[in-house]
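>>> Predicted model and sequence follow; I will ask about them next.
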Amino acid sequence: MYTLKRSIVVPTTMDEAWDFIRKPQNLNLITPDDMEFKIMSEVPDEMYNGLIVKYIVKLPVMGSQEWVSEIKHVRDGRSFVDEQRIGPYKLWYHYHEIEQVDNGVLFTDEVTYEVPYSIFGKIAHAAFIGKTLERIFNYRNERFKELLSRPLEVA
């Protein structure tokens, strides 16, 4: 199993941060264009425990893949998990959290995942899967800054 963790502080408010990440359709805005990400299921304006989201995503070497995630463990205004039900990984457990800090909001993503195909999966992870995931999550952080940064008021 592997773990990828990324954190970034964005000068925004907790309300604005949560309002952004609780909307499943905003995943389109923080996914690199070359992944050709498309939500296939109808999604509500706000996620909830048990929400199933189906989408198609283009992955290196593997081409377009169906991915089905379940939203779980929603702590309103604070955190949630998306867990792969169907998709390219043997295991995908993605924890999202926001936390108020002095200069804005700390966004944290922590993914625990396992690739299929035994030794071949490990080789693929070393060759490109790990690097691809790092690129995707670095892109997400940059997009969070672009989309949510604003001057904070001094109290």
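The structure has been received and is ready for your questions.
>>> which residues of this protein score low on pLDDT?
Counting by pLDDT under 70, the chain contains low-confidence ranges at 61, 152-155.
>>> what comes up buried for the top helix by length along the chain?
Ranked by residue count and defined by DSSP state H, the top helix of the chain is helix 130-148. In terms of neighbour count (16 or more other C-beta atoms under 10 Å), helix 130-148 has its buried residues at 132, 133, 136, 137, 139, 140, 141, 144, 145, 148. In short, each C-beta sits where N, CA and C put it, glycine included.
>>> which residues touch the nearest residue to the last one once chain neighbours are set aside?
Using C-beta to C-beta, 6 or more residues apart in numbering and skipping residues adjacent in sequence, the residue nearest residue 148 is residue 12, 4.3 Å away. Applying C-beta atoms under 8 Å, 6 or more residues apart in numbering, we find residue 12 in contact with 104, 105, 148, 149, 150, 152.
>>> mind listing the helices for the protein?
Going by DSSP H, the chain shows helices at 14-21, 118-124, 130-148.
>>> in the protein, which spans are strands?
2-10, 38-39, 52-59, 63-75, 79-86, 91-101, 104-114 (DSSP state E).
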